[in-house]
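J.: Need the 3D shape of this:
(chains A and B)
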Amino acid sequence: METESTHKDAGDRSSHQDGSSHQDGSSRQDTDGAQPPGALLQLWQNLTSTPWQFCKSVVRHGRPTSDRAASQVIFSNVFLHILPTRISLHALKFRATLGLGVITLVLFFLLTITGIALMVYYKPSTAEAYNSMKEIQYVVPTGRFMRNIHRWGAHAMVLFVLLHMARAFYTAAYKKPRQFNWVIGMVLLVLTLALSFTGYLLPWDQLAYWAVTIGSEIAQSPRELTDALGITSWFDIGGFQKRLLLGSNHVGEEALIRFYVLHIAVLPILLCIFLAVHFWRIRKDGGLARPSDNTGADHLPLQSISNPISSSKTFGLMAVVRGQTPAVNRSMTNTVPTWPNAIYAIAALSMLTFAVVLCLGLCFDAPLKEFANPNVPENPAKAPWYFLGLQEMVSYSAFMGGVAIPAIVVLGLMLVPYLDREQEEAGVWFSGPLGKRICLLSALLTTVVIVGVLAFTINFGWLRNWYPNIPQIIITFVNPGTLFLVIFMVWSFAVTKRTNSTRMGALAIFTCFFVAFIILTYFATVHRGPNWDFYWSQSDWPVH
Amino acid sequence: MKTDLEKSPRFQQTQQRRDFLGIAAAWSAIATVCVALMGALRLPIPWAFPESSRRVKLGSPSLFQGIAITQLPEERLWIFSDSQGLYAMSAICTHLGCVVARQENGSFFCPCHGSRFDAQGKVVKGPAPKGLIHLALTLSTDGQLVVDHDKEVGSDVRLQA
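T.: Modelled structure (predicted):
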């Protein structure tokens, strides 16, 4: 090792100091022959070479000019060793991942930094919150810029979490052994949405106040069901959820503090923990999901290594254990050193993300409406875009649209890896041409169904318009939201039966959910105006 | 053929007594954590909410008598007066908590999701699961009208004052 490193550093100015530092005291005699330099001279030399020596003590492996040093860059660095030292060529292909996970992570960093900057000035009280927002907006240097980045970054993070989820699903990255990491991913999605929602209240303006009033009433909406069953006085889960969230019966001081604590402490910490597990398991599951290179599974079977203990045991990483051993040397041919290949790709993506968000922050100001007024609701009171699809469904039944259907969708997606266990090539988009056709058909069906039902309800109304005395429980269970859910599930079962493949059924229902989310979000954003009435465009809204 | 390691005590069948003690220890640890968590999780719901009383004095009943409809925006309340007496109706939509507005024809509508209610608060259209809530009116000892925001009454209940 000694010779190798000296050889490598031969061109550097360090060769002299290197020798002296290694051999310490004896070098005095060796380097300068019979005439030993004075200790003072040695001190001077040490002093002048200190910057270089300091760098050498921080980064001990020298320049990454060899594969060996390149891998040392990764595994001897506490921040980088989350990456493997070599990475598969497939994982580096842009079309394999579209860089969505990295972008999401970069956005989270950006949000953490700008969030901390905003915390310096933000005061979480109903009397001060709005003023401190104005201070950030108009008095604090770069305050408005920070807030803009925080706002657009948050929107972008939700978007990219959703896209990343779709990528993982369509490339079958949830398959064994990655089932649990898919579940963790769903938890991260919910946490991201919760972070966005809690952040929404903090400015304490009209938009914030009414969005959160509606949000907390959705938390209370199980009452719709318990009322219909007449058990609310014994079992009021809805009321409990609302009071837990608000610390009161209505949105006020207590709610603001609770949302603040959730937003700056509880949820980010939870997110970091789950994020760490998410990344850890990517490594443990053998990197990104990719087509096999004809070398077998991710874990080698029991190997017969002759060892003094037993022929039925293998050497694991840490100890002699029973069981399988990770495939350490598998398919080196299809890998490249992580440094610089993956690092440069990540850096480039980060720079791009930074640049886009910074531009957004420079060009567009985050909205700040009037001071919160509990007596006059915004009209229309619209939630942030990612909840507008839900708000559309909520406008048929609060409980079904706001609680039951989202819960069914999230739990259903979590269950997918356990219901669809067909082993197939991971990392292939849509699992081939048949899957592509199924996805297109599902998207088409979803579009027709949703546009059709929405057009129908706008023109002809729903059950209560025809039978004014209809019991609420019937509307709760029979409304456009539940209709969509039933149609999608039937379609997914039909696809599963027809193609005799659970993966195709999974592709069908995921596409239905995803396209439904997009269409409902678009519809509620563009076509819903005051009183939640239908308008072709915002220019048709009545003036008031 | 067993190897040396497999002959060692670690690989022998453990004694049942030790099993029992281990399982007992594990379960008591779990029980302790659960009880502690139940205590800790009780924290977010206080015994009393830090807010003003839900029973509010509205002033003398004579302020409302003879006037068909009075709006109290601060209380999010409508007070009605008819031949049988006074009654109060909450202006909070039963769907998702927005404040309903009254139209010229006496009906109410919610701006958030388009629920509509008739003059008596009965839901006629939209997603609201039930009609607007009629609240209990009483007279306090000093003769003032008192509304209780937590007490729901039937739509035919009137206060004779």
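
J.: For the stretch 151-300 of chain A, which residues are neighbours of chain B?
T.: By C-beta under 8 Å from any C-beta of the partner chain, the part of the stretch 151-300 of chain A that sits against chain B consists of A:210, A:213-214, A:216-218, A:221, A:223-224, A:227-228, A:240, A:243-244, A:247-250, A:252-254, A:258. (C-beta placed from N, C-alpha, C; glycine too.)

J.: Among those, the buried ones, what's the PyMOL command?
T.: The buried subset of those, as determined by 16 or more other C-beta atoms under 10 Å in any protein chain shown, is captured in PyMOL by this line:
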select buried, chain A and resi 210+213+214+216+217+218+221+223+224+227+228+243+247+248+249+250+252+253+254+258
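
J.: Make sure B:Lys151 is indeed in a strand.
T.: Yes: counting by DSSP: H, G, I helix; E, B strand; the rest coil, B:Lys151 is found in a strand.

J.: Strands of chain B, start to end?
T.: B:55-59, B:69-72, B:77-82, B:85-90, B:101-102, B:108-109, B:116-117, B:123-125, B:134-139, B:145-153 (DSSP state E).

J.: Ok, which of the ones you listed comes nearest A:Phe534?
T.: strand B:123-125 (14.1 Å; C-beta to C-beta).

J.: so what does that closest one touch, helix or strand wise?
T.: helix A:463-466, strand B:116-117 (3 or more C-beta pairs under 8 Å, 6 or more residues apart in numbering or on different chains; DSSP states H and E).

J.: Does the longest one reach chain B?
T.: Yes: for a cut-off given as C-beta under 8 Å from any C-beta, helix A:463-466 has contacts with chain B, namely A:Arg464, A:Asn465.

J.: counting contacts, what elements does that helix pack onto?
T.: helix A:472-477, strand B:123-125.

J.: chain center to that helix, what's the gap?
T.: 41 Å (C-alpha atoms, centre = their mean, to the nearest Å).

J.: Any buried residues in it, and which?
T.: A:Arg464.

J.: Can you show me the CA trace of it as PDB?
T.: Extracted in PDB, the C-alpha atoms of helix A:463-466 (Å, rounded to 0.1, in the frame of the first residue of the first chain):
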ATOM      1  CA  LEU A 463     -79.800  11.700  -5.700                       C
ATOM      2  CA  ARG A 464     -80.900  14.500  -3.500                       C
ATOM      3  CA  ASN A 465     -82.100  16.600  -6.400                       C
ATOM      4  CA  TRP A 466     -84.500  13.900  -7.400                       C
END
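
J.: burial of A:Leu413, as a residue count?
T.: When neighbours are defined as other C-beta atoms under 10 Å in any protein chain shown, A:Leu413 has 21 of them.

J.: Ignoring the adjacent residues along the chain, who's closest to A:Val526?
T.: Distances taken as C-beta to C-beta, 6 or more residues apart in numbering or on different chains place A:Ser537 nearest to A:Val526, at 7.0 Å, with adjacent residues excluded.

J.: separation between the one you found and chain B?
T.: Using C-beta to the nearest C-beta, to the nearest Å, we find A:Ser537 at a distance of 19 Å from chain B.

J.: Got the confidence number for that residue?
T.: With respect to pLDDT, A:Ser537 scores 85.

J.: same question for the helix or strand encompassing A:Phe354, mean pLDDT?
T.: Per DSSP states H and E: A:Phe354 is located in helix A:338-363. Helix A:338-363 carries an average pLDDT of 93.

J.: Show me what residue of the stretch 1-150 of chain A gets nearest to chain B.
T.: Nearest residue of the stretch 1-150 of chain A to chain B: A:Thr126, at 12.2 Å (C-beta to the nearest C-beta).

J.: so what's that residue up against?
T.: The contact partners of A:Thr126, taken as C-beta atoms under 8 Å, 6 or more residues apart in numbering or on different chains, are A:Trp204, A:Gly252, A:Glu253, A:Leu256, A:Ala372.

J.: you'd agree the first one is up against A:Leu256?
T.: So the one you mean is A:Trp204. Yes: when contacts are counted by C-beta atoms under 8 Å, A:Trp204 is listed as touching A:Leu256 (6.7 Å).

J.: Now the common contact residues for those two.
T.: Between them, A:Trp204 and A:Leu256 share the contacting residues A:Thr126, A:Ala129, judged by C-beta under 8 Å, 6+ apart.

J.: Buried residues, the helix holding A:Phe354. List them.
T.: Under 16+ other C-beta under 10 Å, the buried positions of helix A:338-363 are A:338-339, A:341-343, A:345-346, A:349-350, A:353-354, A:357-358, A:360-361.

J.: Which other helices and strands does that helix contact?
T.: helix A:67-75, strand A:86-88, helix A:89-92, helix A:100-119, helix A:143-170.

J.: was I right about A:Gly115 contacting A:Ile264?
T.: Yes: counting by C-beta under 8 Å, A:Gly115 touches A:Ile264, with 6.9 Å between them.

J.: Show the contacting residues for the closest residue to A:Ile149 other than its chain neighbours.
T.: Distance criterion C-beta to C-beta, 6+ apart; nearest residue to A:Ile149, sequence neighbours excluded, is A:Gly361 at 4.0 Å. Residues in contact with A:Gly361 (C-beta under 8 Å, 6+ apart) are A:Phe145, A:Asn148, A:Ile149, A:Trp152.

J.: May I ask which of these has the most neighbours?
T.: A:Ile149 leads those on contacts (other C-beta under 10 Å) with 27 neighbours.

J.: List the contacts of that residue.
T.: Counted by C-beta under 8 Å, 6+ apart, A:Ile149 has contacts A:Leu110, A:Thr114, A:Val357, A:Leu358, A:Leu360, A:Gly361.

J.: tell me the contacts of the fifth one?
T.: A:Leu360 is in contact with A:Asn148, A:Ile149, A:Trp152, A:Ala156, counting by C-beta under 8 Å, 6+ apart.

J.: export those to TSV and tack on pLDDT?
T.: Below are the contacts of A:Leu360 laid out as TSV (pLDDT from 0 to 100):
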residue	pLDDT
A:Asn148	96
A:Ile149	96
A:Trp152	96
A:Ala156	96
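
J.: so where's the stretch 301-450 of chain A shaky on pLDDT?
T.: Scanning the stretch 301-450 of chain A for pLDDT under 70 picks out A:301-333.

J.: how about 90 then?
T.: Applying pLDDT under 90 to the stretch 301-450 of chain A picks out residues A:301-342, A:367-370, A:372-385, A:387-388, A:390-392, A:394-398, A:401-402, A:422-429, A:431-432.
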